[in-house]
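> Quick one, structure for this:
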Amino acid sequence: MTQIPAALITGASTGIGATYAERFARRGHDLVLVARDAARMEALASRLRQETGVMIGNIVNALPAKRYRTHA
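Residues are numbered from 1 along each chain as shown. Alright, predicted model coming up:
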């Protein structure tokens, strides 16, 4: 039996990232979603779990929006 690998999808709350998440879920891949908008991402994850039965983990806002540089 062949195991389908999980997919890591960035920008998963809208646009191309959300489209990829949906396509991979429909093909049976478990997902790890990464996005800044937690509410949108969770709405997508919840819908895809219900419609496809795949397992979905998520990472929200893992890095700050801006990087600050210190000068020595």
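> Select the longest helix from this structure.
Using DSSP state H, we find that the single longest helix of the chain is helix 38-52.
> Show residues contacting that helix.
12-14, 18, 21-22, 25-26, 28, 31, 33, 35, 54-56, 58, 60-61 (Cβ atoms under 8 Å, 6 or more residues apart in numbering). Where you see a C-beta, it was placed from the backbone N, CA and C, and this is true even at glycine.
> When you filter these down to buried only, what's left?
12, 13, 18, 21, 22, 25, 31, 33, 35, 54, 56, 58 (16 or more other Cβ atoms under 10 Å).
> Nearest to residue 2, out of those: which one, please.
Among those, residue 54 lies closest to residue 2 (Cβ to Cβ), at 15.9 Å.
> for this protein, what spans make up the helices?
15-26, 38-52.
> Figure out which of these is closest to residue 7.
The closest of the helices of the chain to residue 7 is helix 15-26. By Cβ to Cβ, the value is 4.4 Å.
> Using CSV, write down the CA coordinates of the closest one.
What follows is helix 15-26 as a C-alpha-only set of coordinates in CSV (Å, rounded to 0.1, in the frame of the first residue of the first chain):
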residue,chain,number,x,y,z
GLY,A,15,-5.7,33.0,-2.9
ILE,A,16,-3.3,30.5,-4.4
GLY,A,17,-2.4,28.9,-1.0
ALA,A,18,-6.0,28.2,-0.3
THR,A,19,-6.5,26.7,-3.7
TYR,A,20,-3.5,24.4,-3.3
ALA,A,21,-4.7,23.4,0.1
GLU,A,22,-8.1,22.4,-1.4
ARG,A,23,-6.6,20.5,-4.3
PHE,A,24,-4.1,18.6,-2.1
ALA,A,25,-6.8,17.7,0.4
ARG,A,26,-9.1,16.4,-2.3
